[in-house]
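Q: just coords:
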DNA sequence: CACTTTGTTAAATTTTTTCTTAACAAATTA
DNA sequence: TAATTTGTTAAGAAAAAATTTAACAAAGTG
């Protein structure tokens, strides 16, 4: 039989894990996921791999909820499906390297922001250019169109920068400028 | 009287603005704000300055809603209060430089993520260290504690990197590595 | 200092989101 | 191929969030 010291130690380990699981789950709202998905990822962080039945056991929610949560986590790159042959159950594993989850999530997010807004800016600029280049339009109106055109043109600098940032994170180039370091400071 | 060409031009300008307002409002969910706050910021983006009454006029929502929205936008650095003397009304202006809104929002967010998780990691590591350094505990349990300790220690590299990233954005250093550029590409 | 205007907050309502129940589809096994 | 297991999806229930109404507080004005 296990000594009472060992039992206490196991409890300490669970306490330590729960501490981290709690904050990860809490901060997962930053990644736009539901509480269920947040708790699931935080739980999986300490597990090698899990299938749906283990998830509902550990997290204490329904299978449907785990199914949708795990798919959401896959979409943002926090969880990967493992292809295990000879088993009906699907197994998943959490991405435990936070640099990878960071990259996956923010690059996706920034790409969405940049492309959506650039699309809108292009459409708007085309309309404004028509006005600016039409000699028969009143000067006052043209001036307004020019002002907005200049604003939108300026905003493109930002969206292109956002894409460059995403690219340099994806390629890992950014770590030449901002290295991953072990030391505190 | 204004010519019909000029009227059409004004409409074109409104169309162009609405195109951009629409997508900004739509992508504002990335910044964790309510639809009301999103629409408000998008509207303010094309205005020099606004007071609450102008906001509810333009956005078409209640004064209470504008009041809470504008405060939320202030918190994340998207809107600033202007101190106008000699008027009872509060006036606000939108931050129109997206580099500044980016900086303000993400630095705040990343600081929250880093500090919350580092706190939890420190607490957890202290517990785990007790087990690792206790000679009377079973090896199997110690091994587990060591495994988790190593994971958590590794995760600190990420959180420190996140803070460095935030710092280099705040100081503007990052633009030496990733310059703001005017050209497409 | 009473009066008016402006902005905030709390309570109630509406809307949206999240989660569960339950029916269904897909895949595996016997 | 029938039976069983597993995972998904749609519909409904529960919970949470956003917005409005309305009461209140704060600040400026006459």
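A: Great, that's in hand. Everything quoted here is computed from the prediction, not taken from an experiment.

Q: residue contacts, the most centrally placed residue in chain A?
A: Central residue of chain A (C-alpha atoms, centre = their mean): residue A:105, 2.3 Å from the mean position. The neighbours of residue A:105, taking C-beta atoms under 8 Å, 6 or more residues apart in numbering or on different chains as the test, are A:31, A:76-78. C-beta: built from backbone N, CA, C; applies to glycine.

Q: ditto for residue A:125
A: Residue A:125 neighbours (C-beta under 8 Å, 6+ apart): A:149, A:152-153, B:16.

Q: what helix or strand does it sit in?
A: Element membership of residue A:125 [criterion: DSSP states H and E] is helix A:98-132.

Q: Also residue A:162?
A: For residue A:162, the enclosing helix or strand under DSSP H and E is helix A:139-171.

Q: Can you tell me how far the residue of chain A most remote from its centre is from residue A:148?
A: Distance from the C-alpha centroid of chain A, by C-alpha atoms, centre = their mean, peaks at residue A:136 (49.5 Å). If you measure residue A:136 against residue A:148 using C-beta to C-beta, to the nearest Å, the figure is 20 Å.

Q: And chain A, split by domain according to the record?
A: A:4-96, A:99-177 (automatic domain parsing).

Q: Of all the ones you listed, which one is nearest DNA strand C?
A: Nearest to DNA strand C, of all the domains of chain A, is domain A:4-96, at 3.3 Å by C-beta to the nearest atom of the strand.

Q: sorry, back to before: whichever of the contacts of residue A:125 end up buried, select them in ChimeraX.
A: Buried residues among the contacts of residue A:125 (16 or more other C-beta atoms under 10 Å in any protein chain shown), as a ChimeraX selection:
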select /A:149,152 /B:16
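
Q: quick one: which two of the contacts of residue A:125 are the most distant?
A: Pairwise distances across those (C-beta to C-beta) peak at 12.6 Å, for the pair A:153 and B:16.

Q: Would you mind listing what in chain A touches DNA strand D?
A: Within chain A, the positions near DNA strand D by C-beta under 7 Å from any atom of the strand are A:51-53, A:63-64, A:67-68, A:70-71, A:88-90.

Q: Among the residues you listed, which ones lie close to chain B?
A: Among the residues of chain A next to DNA strand D, no residue sits close to chain B (C-beta under 8 Å from any C-beta of the partner chain).

Q: Give me the lowest-pLDDT entry from those residues.
A: Ranked by pLDDT, the residues of chain A next to DNA strand D bottom out at residue A:88, which scores 88.

Q: Which helix or strand contains that one?
A: Applying DSSP H and E, one finds residue A:88 in no helix or strand.

Q: neighbours around the closest residue to the residue farthest from the centre of chain A other than its chain neighbours, how many?
A: Excluding the flanking residues, the one nearest residue A:136 by C-beta to C-beta, 6 or more residues apart in numbering or on different chains is residue B:5, at 5.7 Å. Using other C-beta atoms under 10 Å in any protein chain shown, residue B:5 has 14 neighbouring residues.

Q: now do residue A:154
A: Residue A:154 is flanked by 13 other residues according to other C-beta under 10 Å.

Q: How about the one 3 residues further on?
A: In terms of burial, residue A:157 registers 17 neighbours under the definition other C-beta under 10 Å.

Q: show me the contacts for it.
A: Contacts of residue A:157 by C-beta under 8 Å, 6+ apart are B:180-182.

Q: Among those residues, which ones lie close to chain A?
A: B:180-182.

Q: would you list those in CSV and tack on neighbour count?
A: Below are the ones next to chain A among the contacts of residue A:157 laid out as CSV (neighbours: other C-beta atoms under 10 Å in any protein chain shown):
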residue, neighbour count
B:180, 12
B:181, 12
B:182, 10
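
Q: can you put those in CSV and add distance to residue B:26 and secondary structure?
A: What follows is the ones next to chain A among the contacts of residue A:157, written out as CSV (distance: C-beta to C-beta, whole Å; DSSP: H, G, I helix; E, B strand; the rest coil):
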residue, distance to residue B:26, secondary structure
B:180, 25, coil
B:181, 26, coil
B:182, 26, coil
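
Q: quick one: least confident of these?
A: Confidence-wise, residue B:182 trails the rest of the ones next to chain A among the contacts of residue A:157, at 76.

Q: who's in contact with that one?
A: Taking C-beta under 8 Å, 6+ apart, we find residue B:182 in contact with residue A:157.

Q: Looking at the residues of chain A next to DNA strand D, state which has the most neighbours.
A: Neighbour counts for those peak at residue A:70, which has 24 neighbours (criterion: other C-beta under 10 Å).
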